[in-house]
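J.: got a predicted structure here, sequence first:
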There are 2 protein chains.
Amino acid sequence: MGDPSIKDVARASQASIGTVSNVLNHPERVAQATQDRVFEAIRTLGYVRNDAARQLRAGKSTTLGLALPATSNPFFAAVAHGAEEVAAERDLRIVLGSTGDTGGQESRYLDLFEQLRVRGVMLSPVSYDPSRLDALRRRNTPVVLIDYVDPAMEFPAVTVDNRAGGYLAVNHLIERGARRIVFIGATGWTHQVVQRFAGAQEAAGHHPDVVLARIDLGEMTVSAGRALGHEMLANWETDSVDGIFAGNDLIALGILQAFVMSKTLRVPHDVRLVGFDDIDFAQSAIVPLTSIRQPAEEIGRAAVKTLLTKFEHPETPAKVVKFEPELIVRDSS
Amino acid sequence: MGDPSIKDVARASQASIGTVSNVLNHPERVAQATQDRVFEAIRTLGYVRNDAARQLRAGKSTTLGLALPATSNPFFAAVAHGAEEVAAERDLRIVLGSTGDTGGQESRYLDLFEQLRVRGVMLSPVSYDPSRLDALRRRNTPVVLIDYVDPAMEFPAVTVDNRAGGYLAVNHLIERGARRIVFIGATGWTHQVVQRFAGAQEAAGHHPDVVLARIDLGEMTVSAGRALGHEMLANWETDSVDGIFAGNDLIALGILQAFVMSKTLRVPHDVRLVGFDDIDFAQSAIVPLTSIRQPAEEIGRAAVKTLLTKFEHPETPAKVVKFEPELIVRDSS
DNA sequence: ATGAAAGCGCTAACAC
DNA sequence: GTGTTAGCGCTTTCAT
């Protein structure tokens, strides 16, 4: 037979099911002696509340959906960590989804969140589809965008000024003497990457003698970066590139590794390298990595807080929380 | 008003509730024309299945619980990734919990899993409590242990031979000439760490001239390692330590960083350093890190597969899948 | 091929 | 303080 239900507890403790429910949810309404009997029965039966039944009854869940491009990237892991921290304080749980750099799983997780009737959704969109989010809004599920501001300003957002970050990175590269710079992005560009490149272009635009190229990877991982690094080495023509701005730290670390292993190219002597995110491992890299820092945990915390505000004041107009990126100079540049 | 339910769909499509349900779950029983009408209504109404109601009716969920010590550690993130991969193939979803190095949240997540009526639990126990797991077994929820074999062999497990890993690490250190070795663990030792130390002791035991000490950290993170590194530097007496075996790569990377920054201690010249896990970032470390590799994603995949087997053949006796760790020699030793 | 109805476990409204 | 009951949305007999 199945799990003990509230009905079994009622029988065992000689109370009605309503009373058992009250013991659990409004103990102050129940006599002490009854409570004792009920708790005793709960213990001996090993009763545990059935969350599905509760939720069905309540009509809404106590879960938040969080969809991020790549949870294995320490940057996003930190965002999730910050979010969990705040959520836990309110006894909210988080269902975390990894949508993939290319967003292939994005729609799948949104489906899941809808089926789960999550109380709110936090999404770092890869393939931004407003109609998808409209559906959420029609069911009154608050949505917060992470690292994307929708042009119509319909949804609140928590972002970092990626464009400014891109500017900082390339401007720094130029100040350090780089003139032939390449930006490493990814095909199926996420909005973030587009913005970083835009900032990079702006910085390069101020200097007529600077050339800014770009290369797209299939995914923004260490191994993709490493593969690219080896490829660049194989085709290296002296002076072809003297500055690299990697779309994220994983790529930067991969490239760095390839260069250092080969021993033919020194960083920063031959090529200057800047990453993005400033993950923890950037500073313990083989050549400590110059990077653009984003406050990962804070972003996660702010996203949950925005949701909490929406719960309490549904009519709050969409607000954008914007963090400023920071250039962290280390040895790689 | 709330979300559209199956009832609304039934009304809008002039079909009964039962028929709508059949369209969704057993389309072959329903005439094509009816199906078309139903799907049309689903679309216009924006109907989405209510997972809570489904689950209540079914009596069980389609979710797996996975509790790991620290999801921000790339090693565990990779384990989770492997698990998700296999789970997704079977349309199972995973609720991931971070129990904390000290296991403070372990019980909390087990509670959650019980309330959720998850179909199976994967647990890397920090504070192993058999009675807690017995409760799960009484409700016929399969459990797989990760990186821990319970002495009674009541639960299947997926493990790496941590003891062998510890042996490999210290044996290697000794072969490279280290004689005064220190192991860095954590208070509230997890079973894994205990085993690693046991293996370390065994290796040291073969060499009468080798001294093996140990230091415990509050948590096994990069910053805890870095703090320890600075402390060690401050109290450095020449020749006091010539080999360090860190309980995991995060600690090793932190120590490494402290040493390299100070420039007074060279790795491996003055101290040889070995980590554990072989996370991706170990090879791009400032001094590429020698480490003991564990097949993270495979562990995750094996855990889910073990659960799947239990679903299909509940009476299968508990089996232990054991992976062998591998010494990866890089520059730090 | 379709419809009617029971019931999963729970909470809240109401009656006593 | 305690008990009774309706109903959340769904799937599944069982009739028709």
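T.: Noted; the coordinates are in hand.
J.: just give the number of residues close to the residue of the stretch 51-200 of chain A found nearest DNA strand C.
T.: At 3.5 Å from DNA strand C, A:A53 is the closest residue in the stretch 51-200 of chain A, using CB to the nearest atom of the strand. In this view, the C-beta of every residue, glycine as well, is placed from N, C-alpha and C. Using other CB atoms under 10 Å in any protein chain shown, A:A53 is surrounded by 16 other residues.
J.: okay, and it sits in which element?
T.: Take DSSP states H and E as the rule and A:A53 turns out to sit in helix A:51-58.
J.: buried sites along stretch A:135-143?
T.: A:136, A:141-143 (16 or more other CB atoms under 10 Å in any protein chain shown).
J.: repeat that for stretch A:48-66.
T.: Using 16+ other CB under 10 Å as the test for burial, stretch A:48-66 gives A:48-56, A:61, A:63-66.
J.: ditto for stretch A:183-202
T.: By neighbour count on 16+ other CB under 10 Å, the buried set for stretch A:183-202 is A:183-186, A:188-193, A:195-197, A:199-202.
J.: what's the answer for stretch A:14-23, then?
T.: A:15, A:19-23.
J.: now do stretch A:253-268
T.: So for stretch A:253-268, counting by 16+ other CB under 10 Å, buried means A:253-261, A:265, A:267-268.
J.: same list, these, but only the ones touching chain B.
T.: A:253-254, A:256-257 (CB under 8 Å from any CB of the partner chain).
J.: and the residues you listed, which is closest to A:V287?
T.: Closest approach between these and A:V287, by CB to CB: A:L256, at 6.0 Å.
J.: ok now the host helix or strand of A:F311, how far from the chain's centre?
T.: Taking DSSP H and E as the definition, one finds A:F311 inside helix A:296-312. Mean-position distance between helix A:296-312 and its chain equals 12 Å (CA atoms, centre = their mean, to the nearest Å).
J.: over to stretch A:295-313?
T.: 12 Å.
J.: can you tell me what sits against the helix or strand of chain A with the lowest mean pLDDT?
T.: In chain A, no helix or strand scores lower on mean pLDDT, DSSP states H and E than helix A:130-138, which sits at a mean of 88. Outside of helix A:130-138, the residues within contact range by CB atoms under 8 Å, 6 or more residues apart in numbering or on different chains are A:107, A:110, A:113-114, A:121, A:123, A:143, A:150, A:152, A:154-155, B:46.
J.: now with 7 Å, please.
T.: Residues from elsewhere that reach helix A:130-138 (CB atoms under 7 Å, 6 or more residues apart in numbering or on different chains): A:107, A:110, A:121, A:143, A:150, A:155, B:46.
J.: nearest to DNA strand D: which residue in the stretch 1-150 of chain A?
T.: Closest approach between the stretch 1-150 of chain A and DNA strand D, counting by CB to the nearest atom of the strand: A:G18, at 2.5 Å.
J.: okay, now the unreliable bits of the stretch 1-150 of chain A?
T.: Residues of the stretch 1-150 of chain A meeting the criterion pLDDT under 70: A:1, A:101, A:103.
J.: got the residues of it near chain B?
T.: A:2-3, A:46, A:48-53, A:55-56, A:59, A:71-72, A:74, A:77-78, A:81, A:93, A:95-96, A:112, A:114-117, A:135, A:138-139 (CB under 7 Å from any CB of the partner chain).
J.: please apply the same query to the stretch 201-333 of chain A.
T.: Residues of the stretch 201-333 of chain A lying near chain B (CB under 7 Å from any CB): A:222, A:253, A:256-257, A:280-281, A:283-286, A:288.
J.: highest neighbour count among those?
T.: That'd be A:L253 among these, by other CB under 10 Å, with 32 neighbours.
J.: what packs against the stretch of helix or strand that one belongs to?
T.: Assigned by DSSP H and E, A:L253 falls within helix A:249-262. Using 3 or more CB pairs under 7 Å, 6 or more residues apart in numbering or on different chains; DSSP states H and E, the elements in contact with helix A:249-262 are helix A:222-234, strand A:243-246, strand A:272-277.
J.: turn the ones you listed into CSV, columns for mean pLDDT.
T.: What follows is the helices and strands packed on helix A:249-262, written out as CSV (pLDDT from 0 to 100):
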stretch, mean pLDDT
helix A:222-234, 94
strand A:243-246, 98
strand A:272-277, 98
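J.: what about the nearest residue to A:L123 once chain neighbours are set aside, which helix or strand?
T.: Excluding the flanking residues, the one nearest A:L123 by CB to CB, 6 or more residues apart in numbering or on different chains is A:A67, at 4.9 Å. A:A67 is part of strand A:63-68 when elements are defined by DSSP H and E.
J.: hang on, the earlier thing: who does the helix or strand where the residue of the stretch 1-150 of chain A closest to DNA strand D lies touch, helix- and strand-wise?
T.: According to DSSP H and E, A:G18 maps onto helix A:17-25. Here helix A:17-25 touches helix A:6-13, helix A:32-45, going by 3+ CB pairs under 7 Å, 6+ apart.
J.: the longest one near DNA strand D anywhere?
T.: Yes: part of helix A:32-45 sits close enough to DNA strand D to count as contact by CB under 7 Å from any atom of the strand, namely A:33-34.
J.: output that helix as CSV, restricted to C-alpha atoms.
T.: What follows is helix A:32-45, C-alpha atoms only, in CSV (Å, rounded to 0.1, in the frame of the first residue of the first chain):
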residue,chain,number,x,y,z
GLN,A,32,-2.5,20.8,23.3
ALA,A,33,-3.5,17.2,24.1
THR,A,34,-4.9,16.7,20.6
GLN,A,35,-1.8,18.1,19.1
ASP,A,36,0.3,15.6,21.1
ARG,A,37,-1.8,12.7,19.9
VAL,A,38,-1.6,13.9,16.3
PHE,A,39,2.1,14.4,16.3
GLU,A,40,2.6,11.0,17.9
ALA,A,41,0.6,9.4,15.1
ILE,A,42,2.5,11.4,12.5
ARG,A,43,5.7,10.1,13.9
THR,A,44,4.8,6.4,14.2
LEU,A,45,3.2,6.4,10.8
